[in-house]
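Q: Make a model of this:
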Amino acid sequence: MKIAIAMSGGIDSSVAAYLLKRAGFDVTGFTLVLIDKNNNQHIEDAKITADLIGIEHKVLDLRTEFQKQILSYFTAEYLKGRTPNPCIKCNRTIKFGMFLFEKLKEYGEKIATGHYARIEFNAGEKKYYLMKGKDSKKDQSYFLSTLNQDQLSRIIFPISDYLKRDIIKIGNEQKFPAVQTHESNELCFIETGHYSDYIKSVSNLKMEPGEIEYIDGTKLGEHTGIINYTLGQRKGLGLTWKEPLYVIRILPDENKIIVGENEHLFSTDFIVNEFFWVDEGFKNKTKFSAEVKIRYLNPPTSAEIINNENGSVLIKFQKPVRAITPGQHAAVYFKDSVVGGGSIN
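A: Reported below is the predicted structural model:
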């Protein structure tokens, strides 16, 4: 079988490529160029790794599509007072979108990445399940929770049954350059500085100051521009109050920031207008019980999922949850299997 693997130059994709080659697959490695100010070190590391493994390496320029699908979305969401998750959208539209369906028809029957997640096929149901990875500390199923059945049928995750320490050990044994570098959890298109600096640089946006109000409407001060604030933020407000204050709401149309005490950040339900079903077996259920993650690092929380007639999904937690943030991603799980996910409204 011919397999095309995305190689970032990092340890996970490097070892994933090695494991595929060792298993006897015909492997071609691809490094994706997504931004204009590209760090060529990861391309060089991927090329060196490919040479060590003994596979062909190519560079794939997806900057135009990345700008259209991801960077524009990222900027627009912050200007609406929302907090986007560009990595999830990139997985759906770029890595497992353009890369999967358009660019690699001649290079692979399937594509592979270094994600910590599992794909299981149920022959009786003729359905693919997206499952949590073996390493619970590194599980990345959250970031893949908008993929569909067609995408899952074409994807391989070679390191899904490994622990991170095993991957590092293999990388050291093979002397891959990636083991000498540190992992990065930052956004790939923001090299330095705050995300708001990036938005200002690409949008020519002038920060308009506005009012900071307490939840009862009392004016407490001025903010420096709504894109500098996110829900739940405490630092940088410049306010004096009898108790710590946090950003409770962002109102872009009024150019206002609403603040209040920590207790006002807790709520129980929210709507997802565009829900992506990984497991469509749940799509026609009126309601069902599941677990939901509203951030990657948050533990799953018990909730009731209600399918509305207009196609949206209502998620109701059993207990109040802190800082349910518009624009962030909600991933729904049934045990270890991903049901689907979408952006919080």
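
Q: contacts, neighbours, all on C-alpha from now
A: OK.

Q: Show me which positions of the helix or strand of the chain with the lowest mean pLDDT end up buried.
A: Ranked by mean pLDDT, DSSP states H and E, the weakest helix or strand in the chain is helix 195-203, scoring a mean of 78. For helix 195-203, the neighbour count (16 or more other CA atoms under 10 Å) marks 195-196, 199 as buried.

Q: Can you pull out the residues in contact with it?
A: 75, 190, 205-206, 227-228 (CA atoms under 8 Å, 6 or more residues apart in numbering).

Q: Make JSON lines out of those residues and add distance to Ile11 and neighbour count.
A: As requested, the contacts of helix 195-203 are exported to JSON lines (distance: CA to CA, whole Å; neighbours: other CA atoms under 10 Å):
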{"residue": "Thr75", "distance to Ile11": "30", "neighbour count": "21"}
{"residue": "Ile190", "distance to Ile11": "21", "neighbour count": "14"}
{"residue": "Leu205", "distance to Ile11": "38", "neighbour count": "10"}
{"residue": "Lys206", "distance to Ile11": "40", "neighbour count": "9"}
{"residue": "Ile227", "distance to Ile11": "34", "neighbour count": "24"}
{"residue": "Asn228", "distance to Ile11": "33", "neighbour count": "17"}
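
Q: Save those as TSV, and put in pLDDT and secondary structure too.
A: Below are these laid out as TSV (pLDDT from 0 to 100; DSSP: H, G, I helix; E, B strand; the rest coil):
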residue	pLDDT	secondary structure
Thr75	90	helix
Ile190	76	coil
Leu205	70	coil
Lys206	73	coil
Ile227	90	helix
Asn228	90	helix
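
Q: Take those residues and lay them out in a markdown table including distance to Ala23.
A: Output for the contacts of helix 195-203, formatted as a markdown table (distance: CA to CA, whole Å):
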| residue | distance to Ala23 |
| --- | --- |
| Thr75 | 42 |
| Ile190 | 36 |
| Leu205 | 51 |
| Lys206 | 54 |
| Ile227 | 48 |
| Asn228 | 49 |
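
Q: of those residues, closest to Gly327?
A: Set against Gly327, the nearest of these by CA to CA is Thr75 (11.9 Å).

Q: Give me the residue ranges of this structure where confidence is low.
A: 38-39, 180-186, 191, 204 (pLDDT under 70).

Q: Just to be sure, Cys188 is in a strand?
A: No. Per DSSP: H, G, I helix; E, B strand; the rest coil, Cys188 lies outside any strand segment and is coil.

Q: Based on its surroundings, how many neighbours for it?
A: Residues near Cys188, counting by other CA atoms under 10 Å, number 13.

Q: helix or strand right after the longest strand along the chain?
A: Ranked by number of residues, the top strand in the chain under DSSP state E is strand 313-322. Later in the chain than strand 313-322, the nearest helix or strand by DSSP states H and E is strand 329-334.

Q: Paired strands for that next one, with orientation please.
A: strand 287-293 (antiparallel), strand 337-343 (antiparallel) (DSSP bridges).

Q: what about those strands, which gets the closest to Phe317?
A: strand 287-293 (8.4 Å).

Q: Break the protein into its domains for me.
A: Domain assignment for the chain, taken from automatic domain parsing, gives 2-114+158-180, 206-260, 265-343.

Q: Output the ones you listed as CSV; include the columns distance to Leu144.
A: Listed next are these as CSV, based on distance: least, CA to CA, whole Å:
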stretch, distance to Leu144
domain 2-114+158-180, 6
domain 206-260, 24
domain 265-343, 9
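
Q: Determine which of the ones you listed approaches Met131 most closely.
A: domain 265-343 (4.5 Å).

Q: Endpoints of the closest one, how far apart?
A: Here the two ends of domain 265-343 are set 18 Å apart, with distance taken as CA to CA, to the nearest Å.
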